[in-house]
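Visitor: give me a 3D structure for the following:
(one chain, ligands or ions: 1)
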Amino acid sequence: MIVYSIFLVGNMRKINISGNWKLNKTASETKELLAELTAAVAGATKTEIVVCPTFVSLTTARDALQSSNVKLGAQNLFWEESGAFTGEISGTQLKNVGCEYVIIGHSERRQYFNETDATVNKRLKAALNAGLLPIVCVGETLEERESENTFTVIENQISGAFAGISAAAMAKITIAYEPVWAIGTGKTASPAQAEEVHAFIRNKIANLFNQQISENIIIQYGGSVKPSNAFELLSQPNIDGALVGGASLDAESFAGIVHAAEKIEG
Ligand code: 13P
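Guide: Presented below is the predicted three-dimensional model:
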């Protein structure tokens with residue numbers, strides 16, 4: 001009986017396949033893509049499916065996703081609730097237009113918009129306060145990997161992002177490991193390379209919080225995920241989903257990844 005429940009714990013994580021559309025698709029294109037996608041994944045029952053269009057397409061997406069099994073997310077949020085912050089969007093506003101998820105700290109935001117572990121932490125707290133489910137991105141650059149600093153970089157990103165976050169709040173958080181060198185390059189981390197970092201992250205979460213949080217937290221892999229490599233990546237014991245860029249812009253490709261996820265035992 002004890003053995004059985006330990007076995008169950010290892011299989012309780014629901015695979016989460018999220019599409020990060022980045023700066024792509026107008027509102028009308030969003031509607032078309034989601035009409036195709038919702039039809040293509042309608043039979044998926046085991047997988048949590050999320051799409052994150054641009055801010056201006058969120059309401060169109062919300063309407064297109066009604067009565068589907070696909071959830072809505074945003075790609076960023078600001079940490080203040082309201083006020084004189086021209087161009088920014090709050091967590092409450094995202095929640096109000098139907099978002100359940102929000103991506104935080106994507107490497108493109110770190111690279112082009114001066115995002116740091118400290119700003120990731122502020123956005124994370126704001127997202128949690130607004131009742132959103134955050135997807136927190138971490139990952140090393142090629143230079144950091146080649147200089148054998150991967151684990152130090154990930155460790156710092158994790159401790160910076162989750163500073164002052166309670167164990168209860170951690171239960172709402174998804175982590176996305178996205179090696180920067182694998183994003184949009186066609187170079188996927190090998191399943192073994194990804195698994196090594198995922199296991200490291202899970203262990204770090206156990207040290208920072210506790211074993212239960214660590215066993216339950218969803219850790220997605222991101223970086224050139226496509227239908228042809230999804231099954232092998234998702235078969236790794238510590239890879240619980242994917243954060244998909246390019247392949248999420250095409251209904252057939254994204255659905256192909258979801259269908260691969262549906263075939264994973266557990
Ligand atoms: P690609 O799937 O295009 O490599 O992008 C990954 C990513 O950055 C998802 O957030």
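Visitor: and the residue nearest to G91 when sequence neighbours are not counted, how far is that from the ligand?
Guide: Nearest residue to G91, sequence neighbours excluded (Cβ to Cβ, 6 or more residues apart in numbering): A130, at 2.8 Å. Where you see a C-beta, it was placed from the backbone N, CA and C, and this is true even at glycine. Distance of A130 to the ligand, given as Cβ to the nearest ligand atom, to the nearest Å: 21 Å.
Visitor: need the contact list for A130.
Guide: Shown in contact with A130 (Cβ atoms under 8 Å, 6 or more residues apart in numbering): 77, 90-92, 94-95.
Visitor: if we go to 6 Å?
Guide: Residues in contact with A130, defined by Cβ atoms under 6 Å, 6 or more residues apart in numbering, are 91-92, 95.
Visitor: try K14
Guide: Residues in contact with K14 (Cβ under 6 Å, 6+ apart) are E48.
Visitor: and stretch 85-95, which residues are buried?
Guide: Across stretch 85-95, burial judged by 16 or more other Cβ atoms under 10 Å covers 89-91, 93-95.
Visitor: correct me, but R13 touches I239?
Guide: No. Applying Cβ atoms under 6 Å as the test, R13 and I239 come out as separate, 10.0 Å apart.
Visitor: look up how far the ligand lies from R13.
Guide: According to Cβ to the nearest ligand atom, R13 stands 20 Å off from the ligand.
Visitor: swap that for E29, please
Guide: Counting by Cβ to the nearest ligand atom, the gap from E29 to the ligand is 17 Å.
Visitor: can you classify that residue by secondary structure?
Guide: When classified by DSSP: H, G, I helix; E, B strand; the rest coil, E29 comes out as helix.
Visitor: what is the neighbour count of it?
Guide: Residues within reach of E29, counting by other Cβ atoms under 10 Å, total 15.
Visitor: check G266 too.
Guide: By the criterion of other Cβ under 10 Å, G266 has 12 neighbours.
Visitor: what's the nearest residue to the closest residue to the ligand within the stretch 101-250 of the chain if we skip its chain neighbours?
Guide: The minimum distance from the stretch 101-250 of the chain to the ligand, using Cβ to the nearest ligand atom, falls at G245 (2.2 Å). In this structure, G245 finds its nearest non-sequential neighbour in N20, 5.4 Å apart by Cβ to Cβ, 6+ apart.
Visitor: looking at the buried residues of stretch 85-95, which is nearest the ligand?
Guide: L94 (17.3 Å).
Visitor: please identify the helix or strand for the closest one.
Guide: Assigned by DSSP states H and E, L94 belongs to helix 91-96.
Visitor: give the rounded mean pLDDT of the following helix or strand past that helix.
Guide: Following helix 91-96 in sequence order, the next helix or strand is strand 101-104 (DSSP H and E). Across strand 101-104, pLDDT averages out at 99.
Visitor: same thing with stretch 256-266?
Guide: Averaged across stretch 256-266, pLDDT comes to 95.
Visitor: going by distance to A168, which of the contacts of A130 wins?
Guide: Nearest to A168 among the contacts of A130 is G91, at 17.7 Å by Cβ to Cβ.
Visitor: these two touch, right, the closest one and L132?
Guide: Yes. Using Cβ under 6 Å, G91 is in contact with L132, at 5.5 Å.
Visitor: now the strands for the stretch 101-250 of the chain?
Guide: Using DSSP state E, counting those that start in this stretch, the strands of the stretch 101-250 of the chain run over residues 101-104, 133-138, 174-177, 218-222, 241-244.
Visitor: if anything else comes up later, I'll come back, but that's it for now.
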